[in-house]
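> Turn this into a model:
(2 chains)
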2 protein chains.
Amino acid sequence: MSPARVPDDAQRGYIVPVGGAEDKAHDVRILRRFVEISGGEDASIAVIPTASQLPDTGERYEHLFRDLGVREANALPYVERADTSRADWLATLGRATGIFLTGGHQLRLSTILGGTPVAKLLRSQNAHGVSIGGTSAGAAILSEHMIAFGEEGSTPHAGAAALAPGFGLTNRVIIDQHFRERDRLGRLLSALAYNPFAIGLGLDEDTAAFLDPDDVLEVIGSGAITIVDVSKLTHSSMAGAHQGDPICMTDIRMHILTNGGTFNLHTREASPPPSDPQ
Amino acid sequence: MSPARVPDDAQRGYIVPVGGAEDKAHDVRILRRFVEISGGEDASIAVIPTASQLPDTGERYEHLFRDLGVREANALPYVERADTSRADWLATLGRATGIFLTGGHQLRLSTILGGTPVAKLLRSQNAHGVSIGGTSAGAAILSEHMIAFGEEGSTPHAGAAALAPGFGLTNRVIIDQHFRERDRLGRLLSALAYNPFAIGLGLDEDTAAFLDPDDVLEVIGSGAITIVDVSKLTHSSMAGAHQGDPICMTDIRMHILTNGGTFNLHTREASPPPSDPQ
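Prediction:
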């Protein structure tokens, strides 16, 4: 499930993981921005509420997006693998200019949609310019390697993060959400300690990473994103650790970015918000 | 860490996971075939013994490959992340026509080589036609999603398989090894239950999958390969399961293939050995 190839004459759409609990009543900053990059008043938004087990999640997001002035917003409540062959829903995904995955449990997304025409279409649509976002569980699933579940705490230890394959829109990052609220630095570091090739993104609630087609992300929201860069890691003790052991990691680089800050996933350079005093 | 793009004028090299304990004293069938596809008497084999903590593993494989008549065989005993910038060893990898990863612990490979120039070069060399094989831990690491560790038993249950990112030469399969000897069907099914997009390959000892540039694998060796195809899975209960719960999976398709049998990863068609009575 790695990213679909972007055609030579196209550019990839935005990838927008949100840390959960995005504001829906006041400035609605994150969802509003998602609508803007998806075509504004011409946007056709498809909502996939599969992660949630609440019956009204899809409808709620339909209303939120319609209130933001999109042309259409349609919830596609996939609940079983057999649903993924429904031609009318595939057609809705096929004409969408933005696709949004709600919160819930990320393993519902992977077990119900993984390996189906829906997962394939998400990658293909993104490769053809369609923006794809998700909040909480919907954020975790976006990358190739996903934290399925884990333990709280700020230091890494063996077994603190269980990984599963996600939808694979990008394999440059491993995403964690509700980051500050649920004290998840330890589990994000544990996930990175297995194989220090990815960049860790710890997303606070009401905070999103807008990852543009050139792999530069901009922070939007009221919290922060913790960026964990292990590209210069000199040691990880994960290979020799037993369940529950603390993990030794040396030369971790970290950035905490707030609204307007940016990070380039290729150069690994962080920039503070332009509005901050220099 | 997904596969490097294969240039238009090239074809990918073979990917050769071996189930461990391949014969080294009698017919040496698997290593001999690996030499053949790597250039025979013109072959330059690089051996990466990083998974092992025994001091003579690299040297042992150097001798094995030289006895099979290759032009050169060189062990590159990476033991720390700092070793991965050694220019002479990168040059050896760069001129190799075949690269072989020994057994040991797969998390040593991912923690020491993951995200380094060595991992990148392995993907790039494979994309340019170099065959890459590995036994046991060296087999597990070859794919994008790797079983890092897990539990024995033939039925899947939540927590039976811990996944970590591998080297990503292919993302079509999840590999397990010492398959029959360590009773690992349950952990392979558990790994697939998270996200049923991959094909499971359970490799018995002294048995290898020779995955050719067109993604057709041929079984070579004295045991069997258990191929688990979950593309038609109608249900996985993993999302709602608690640690230790048995997992419900419906409509699994499985093939047990012996020496000479083939399986096409695209069409998902299995063929018995041509020598078998029809």
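
> what separates A:Val219 from chain B, distance-wise?
24 Å (C-beta to the nearest C-beta, to the nearest Å). Where you see a C-beta, it was placed from the backbone N, CA and C, and this is true even at glycine.

> OK, contacts around that residue?
Counting by C-beta atoms under 8 Å, 6 or more residues apart in numbering or on different chains, A:Val219 touches A:Thr207, A:Ala208, A:Ala209, A:Phe210, A:Ile225, A:Leu257, A:Thr258, A:Asn259, A:Gly260, A:Gly261, A:Thr262, A:Pro273.

> quick one: contacts of the host helix or strand of the third one?
What it means is A:Ala209. Assigned by DSSP states H and E, A:Ala209 belongs to strand A:207-211. Residues outside strand A:207-211 that contact it (C-beta under 8 Å, 6+ apart) are A:14-19, A:22, A:30, A:33-34, A:37, A:133, A:170, A:201, A:203, A:217-225, A:259, A:265.

> from the chain's centre, how far out does it sit?
8 Å (C-alpha atoms, centre = their mean, to the nearest Å).

> mind listing what it pairs with, with the direction of each?
strand A:15-18 (antiparallel), strand A:216-221 (antiparallel) (DSSP bridges).

> Same list (these) but as JSON lines, adding mean pLDDT and distance to A:Phe179.
Compiled in JSON lines, those are given as follows (pLDDT from 0 to 100; distance: least, C-beta to C-beta, whole Å):
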{"stretch": "strand A:15-18", "mean pLDDT": "98", "distance to A:Phe179": "11"}
{"stretch": "strand A:216-221", "mean pLDDT": "97", "distance to A:Phe179": "12"}
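
> Are any of the contacts of A:Val219 buried, and if so which?
The neighbour-count criterion (16 or more other C-beta atoms under 10 Å in any protein chain shown) marks A:Thr207, A:Ala208, A:Ala209, A:Phe210, A:Ile225, A:Leu257, A:Thr258, A:Asn259, A:Gly261, A:Thr262 among the contacts of A:Val219 as buried.

> The nearest residue to the fourth one once chain neighbours are set aside - how many residues pack around it?
Nearest residue to A:Phe210 in three dimensions, chain neighbours excluded: A:Glu218, at 4.8 Å (C-beta to C-beta, 6 or more residues apart in numbering or on different chains). Counted by other C-beta atoms under 10 Å in any protein chain shown, the residues lying close to A:Glu218 total 20.

> Looks like A:Glu218 contacts A:Thr262 (just checking).
Yes - counting by C-beta atoms under 8 Å, A:Thr262 is a contact partner of A:Glu218 at 5.1 Å.

> Stretch A:131-150 near chain B at all?
Yes - counting by C-beta under 8 Å from any C-beta of the partner chain, chain B is contacted by stretch A:131-150 at A:Glu144, A:His145, A:Ala148.

> Dihedrals phi and psi, the first one?
Okay, so that is A:Glu144. Dihedral angles of A:Glu144 (phi, psi; degrees, to the nearest 10) stand at phi -70, psi -40.

> Can you pull the residues of the stretch 1-150 of chain A lying near chain B?
So the stretch 1-150 of chain A meets chain B at A:1-3, A:80-82, A:105, A:107-108, A:110-112, A:114-115, A:119, A:144-145, A:148 (C-beta under 8 Å from any C-beta).

> what is the mean pLDDT for the strand holding A:Ala209?
Strand A:207-211 carries an average pLDDT of 98.

> Could you do stretch A:126-140 as well?
Stretch A:126-140 comes out at a mean pLDDT of 98.

> Between its first and last residues, how far does it reach?
End-to-end span of stretch A:126-140 (C-alpha to C-alpha, to the nearest Å): 16 Å.

> buried ones in that stretch?
A:126-127, A:130-140.

> nearest to B:Ile45, of those?
Nearest to B:Ile45 among the buried residues of stretch A:126-140 is A:Ala127, at 37.2 Å by C-beta to C-beta.

> any idea how far the nearest residue to the closest one once chain neighbours are set aside lies from chain B?
Distances taken as C-beta to C-beta, 6+ apart place A:Ala4 nearest to A:Ala127, at 3.9 Å, with adjacent residues excluded. A:Ala4 is 11 Å from chain B, where distance means C-beta to the nearest C-beta.

> isn't A:Ala4 right next to A:Val130, touching?
No - A:Ala4 lies out of contact with A:Val130 (C-beta under 8 Å); the separation is 11.1 Å.

> where along chain A do the helices fall?
Here chain A has its helices, by DSSP state H, at A:29-37, A:57-67, A:87-95, A:106-113, A:117-127, A:137-140, A:185-194.

> Give me the distance between the two termini of stretch A:202-213.
End-to-end distance of stretch A:202-213 (C-alpha to C-alpha): 20 Å.

> actually stretch A:252-272, not the one I wrote
With C-alpha to C-alpha as the measure, stretch A:252-272 spans 19 Å from end to end.

> which ones are touching A:Arg253?
Applying C-beta under 8 Å, 6+ apart, the residues contacting A:Arg253 are A:Val228, A:Asp229, A:Val230, A:Ser231, A:Lys232, A:Arg268.

> Quick one, which of the residues you listed are buried?
Buried among the contacts of A:Arg253 (16+ other C-beta under 10 Å): A:Val228, A:Asp229, A:Val230.

> Per-residue pLDDT of the closest residue to the last one other than its chain neighbours, please?
When you say that, I think you mean A:Val230. Closest residue to A:Val230 apart from its sequence neighbours, by C-beta to C-beta, 6+ apart: A:Pro196 at 3.9 Å. Note on A:Pro196: pLDDT of 94.

> Over to A:Met1?
We have a pLDDT of 55 for A:Met1.

> Can you pull out the low-pLDDT segments for the stretch 101-250 of chain A?
Applying pLDDT under 70 to the stretch 101-250 of chain A flags no residue at all.

> I'd say A:Val79 and A:Thr50 touch.
Yes - at 6.9 Å, A:Val79 counts as touching A:Thr50 under the criterion of C-beta under 8 Å.

> Could you tell me the end-to-end distance of stretch A:34-45?
End-to-end distance of stretch A:34-45 (C-alpha to C-alpha): 10 Å.

> From A:Tyr78, how far out is A:Arg146?
Careful, residue A:146 is Met and not Arg. 18 Å (C-beta to C-beta, to the nearest Å).

> what about the two, which has more around it?
Each of A:Met146 and A:Tyr78 has its neighbours counted (other C-beta under 10 Å); A:Met146 has more, 28 against 21.

> Quick one: end-to-end distance for stretch A:256-263.
Start-to-end span of stretch A:256-263 (C-alpha to C-alpha) is 10 Å.
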